[in-house]
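>>> for reference, the sequence and a predicted model appear below.
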Amino acid sequence: MGETSGTLKVRGAMNRPNVLVVEDDGPIADAVVYALKKDGMDAEPAPTLAHARARLAARDLVVLDLGLPDGSGFSLLGELRLRTDAPRVIVLTSRDEDIDCVAALEAGADDFVTKPFSPRALVARARAVLRRAAPREASASSFRGAPDGGAATTSSGLVVDGERRRVTYAGREAPLTKLEFDLLATLAEAPGRVRTRAQLVARVWGDAYALTERTVDSHVKGLRRKLEEAGAPPTVIETVRGVGFRLVEGA
């Protein structure tokens with residue numbers, strides 16, 4: 001019998017995604033946990049950072065509020081970035097400023113949801129985030145000129161190493177998040193070729209994911225900033241108005 005659309009290959013028992021909901025607002029946490037369980041996931045709440053840290057083992061996904069009674073969710077994001085087995089993270093925020101959303105993505109979040117939100121919509125995003133693992137690994141090793149996950153070098157001196165998931169410019173490393181690396185990897189497959197936002201979503205997030213243009217642009221903005229900090233010119237990733245982005249050789 002074929003695999004149903006609700007089955008995900010994750011760490012949880014019987015392929016049930018294991019989710020931790022870090023939220024101090026009881027009604028919101030209960031609603032999210034209920035929606036996740038109704039959709040076939042295992043989920044439990046954690047009202048504080050201390051509770052979250054004690055319950056992180058073997059999680060596939062963390063739904064994380066940024067404003068918690070014992071500290072900022074950003075501190076937990078920073079800790080997760082250091083783990084090789086880190087779960088995916090969806091950030092919950094009541095702040096709708098670009099700077100907050102970009103900061104969460106740069107800190108390692110896979111996605112963000114702004115309050116107020118529909119639990120059903122959050123579940124859809126959770127399932128999409130969990131689907132990203134396999135496509136992400138596949139895209140990382142498929143650069144043009146980088147067989148078997150090797151290093152692709154553009155004429156501008158940018159090196160994208162798929163095997164080590166490491167990016168350098170003129171020998172200086174750019175510390176990218178998982179999503180930023182995969183965006184750059186996709187653009188590096190064909191320098192000079194324009195990738196539409198829809199193509200980037202399909203390759204990096206998965207074509208079943210409903211993503212806004214703003215989220216794609218926020219990730220690209222963070223990627224550009226880190227490449228510039230490593231010494232790359234600001235024109236290395238060009239925005240093609242109304243279409244998408246391309247990696248510029250010799251920029």
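Perfect, I can see it now. Note that the structure is predicted; figures quoted are calculated from it, not measured.
>>> only C-alpha atoms for contact and neighbour calcs from this point on.
OK.
>>> at which residues are the helices of the chain located?
Under the criterion DSSP state H, the chain contains helices at 26-38, 49-54, 73-81, 98-106, 119-131, 133-140, 178-188, 197-200, 213-229.
>>> now the first one: buried residues?
Think helix 26-38. Residues 28-30, 32-37 are the ones in helix 26-38 that count as buried (16 or more other CA atoms under 10 Å).
>>> now do the same contact list for M41.
M41 is in contact with 16-19, counting by CA atoms under 8 Å, 6 or more residues apart in numbering.
>>> circling back: what's the least confident stretch among the helices of the chain?
Least confidently modelled of those is helix 133-140, at a mean of 40 by mean pLDDT.
>>> my read: A52 touches A46, true?
Yes - counting by CA atoms under 8 Å, A52 touches A46, with 5.4 Å between them.
>>> which residues do those two both contact?
Here A52 and A46 share the contacting residues 20, 22, scored by CA under 8 Å, 6+ apart.
>>> which of the helices of the chain sits most buried?
helix 178-188 (a mean of 23; mean count of other CA atoms under 10 Å).
>>> how distant is stretch 23-43 from the center of its chain?
21 Å (CA atoms, centre = their mean, to the nearest Å).
>>> what does stretch 74-92 give?
The answer for stretch 74-92 is 10 Å, by CA atoms, centre = their mean.
>>> contacts for stretch 215-228, please.
Under CA under 8 Å, 6+ apart, the answer for stretch 215-228 is 98, 101-102, 105-106, 169, 174-176, 179-180, 183-184, 197, 201, 233-234, 236-237.
>>> scratch that, stretch 80-98 is what I was asking about
Against stretch 80-98 from outside (CA under 8 Å, 6+ apart): 59-67, 104, 107-116, 126, 129-130, 218.
>>> swap the cut-off to 6 Å and go again
Stretch 80-98 is touched from outside by 59-66, 109-115, with contacts defined as CA atoms under 6 Å, 6 or more residues apart in numbering.
>>> give the buried residues for it.
Neighbour-count burial for stretch 80-98 [16+ other CA under 10 Å]: 80-81, 86-93.
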